[in-house]
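1. predicted model, plus sequence, below.
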Amino acid sequence: GAVVSQHPSWVICKSGTSVKIECRSLDFQATTMFWYRQFPKQSLMLMATSNEGSKATYEQGVEKDKFLINHASLTLSTLTVTSAHPEDSSFYICSARPGTSGRLSEQFFGPGTRLTVL
Amino acid sequence: SQKIEQNSEALNIQEGKTATLTCNYTNYSPAYLQWYRQDPGRGPVFLLLIRENEKEKRKERLKVTFDTTLKQSLFHITASQPADSATYLCALEDSSASKIIFGSGTRLSIRP
């Protein structure tokens, strides 16, 4: 149980285009999903926290107009990188917390999406 | 300032030996600490959670200790195997900010 999927697993796009990444909880409902970014040999950095049916909360320094997050259902959150540039190339990972859990510690991570912007 | 540090960027050990990884934190008071495994190009996989009132936790060949005085956690893999080669991340909860903070990871390589 507690499986989180991401789609696509990798994507290459041209500079200036927008890319959408999906995060799904497959066998549980997730009231909260988290989006992380990881650069090579660095740690996961939280970008934003998204709660189903409400606006996402972005971490300091993360542009909310550039990284659009939609958490429209209890099993799906999407991250759209708008007008992507080469510096947005990174590994994007989502995690999901079951709705039955009040603990931050109970997060299940997706397999990640490798974004390369040319 | 607040920091969570994993002292070794990389660790290479012989198969069969015990691998010990270190995680230190500064200016946090976590109620628990977690360890994750991350393989290249994959998301983290949860391994163990140890609470502040627990000194030690074990799971098969894994052992974690948590010293809140030293502000340190040690992660041990006994009888290490090449399949244990991966990056290991420690993480703690920043309760004031309602988020999990990750260390930068230690890349462990087990040579046959």
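-> Here it is on my side, so go on. Residues are numbered from 1 along each chain as shown, chains lettered A, B, ... in the order given.
2. how about the residues of chain B by chain A?
-> Applying C-beta under 8 Å from any C-beta of the partner chain, one finds that chain B approaches chain A through B:9, B:32, B:34, B:36, B:41-46, B:49, B:89, B:93, B:98-100, B:102-105. To be clear about C-beta, it is placed using only N, CA and C from the backbone, and glycine gets the same treatment.
3. any of the residues you listed buried? List them.
-> B:32, B:34, B:36, B:42-44, B:46, B:49, B:89, B:93, B:100, B:102-103, B:105 (16 or more other C-beta atoms under 10 Å in any protein chain shown).
4. show me the residues you listed that map onto strands.
-> B:32, B:34, B:36, B:46, B:49, B:89, B:93, B:100, B:102 (DSSP state E).
5. now render the residues you listed as JSON lines, adding distance to B:Ile77 and pLDDT.
-> Listed next are these as JSON lines, based on distance: C-beta to C-beta, whole Å; pLDDT from 0 to 100:
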{"residue": "B:Tyr32", "distance to B:Ile77": "20", "pLDDT": "91"}
{"residue": "B:Gln34", "distance to B:Ile77": "16", "pLDDT": "95"}
{"residue": "B:Tyr36", "distance to B:Ile77": "14", "pLDDT": "96"}
{"residue": "B:Phe46", "distance to B:Ile77": "16", "pLDDT": "92"}
{"residue": "B:Leu49", "distance to B:Ile77": "17", "pLDDT": "93"}
{"residue": "B:Leu89", "distance to B:Ile77": "14", "pLDDT": "96"}
{"residue": "B:Glu93", "distance to B:Ile77": "24", "pLDDT": "87"}
{"residue": "B:Ile100", "distance to B:Ile77": "22", "pLDDT": "89"}
{"residue": "B:Phe102", "distance to B:Ile77": "19", "pLDDT": "94"}
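6. from these, which single one is nearest A:Leu118?
-> B:Phe102 (28.6 Å; C-beta to C-beta).
7. contact partners for A:Leu118?
-> A:12-15, A:86 (C-beta atoms under 8 Å, 6 or more residues apart in numbering or on different chains).
8. take the ones in strands among the buried ones among the residues of chain B next to chain A and write them to JSON lines, including distance to A:Leu79.
-> Listed next are those as JSON lines, based on distance: C-beta to C-beta, whole Å:
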{"residue": "B:Tyr32", "distance to A:Leu79": "28"}
{"residue": "B:Gln34", "distance to A:Leu79": "23"}
{"residue": "B:Tyr36", "distance to A:Leu79": "21"}
{"residue": "B:Phe46", "distance to A:Leu79": "22"}
{"residue": "B:Leu49", "distance to A:Leu79": "27"}
{"residue": "B:Leu89", "distance to A:Leu79": "21"}
{"residue": "B:Glu93", "distance to A:Leu79": "23"}
{"residue": "B:Ile100", "distance to A:Leu79": "18"}
{"residue": "B:Phe102", "distance to A:Leu79": "18"}
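9. wait, A:Pro111 sits on B:Pro44?
-> No: A:Pro111 sits out of contact with B:Pro44 when judged by C-beta atoms under 8 Å, with a separation of 10.0 Å.
10. joint contacts of these two?
-> Jointly contacting A:Pro111 and B:Pro44 under the rule C-beta under 8 Å, 6+ apart are A:Ile93.
11. now do the same contact list for the spatially most central residue of chain A.
-> In chain A, the residue lying closest to the centroid (C-alpha atoms, centre = their mean) is A:Trp35, at 3.4 Å. Counting by C-beta under 8 Å, 6+ apart, A:Trp35 touches A:23, A:46-50, A:67, A:69, A:77, A:79, A:92-94.
12. before we move on, which element is it in?
-> Using DSSP states H and E, A:Trp35 maps to strand A:30-38.
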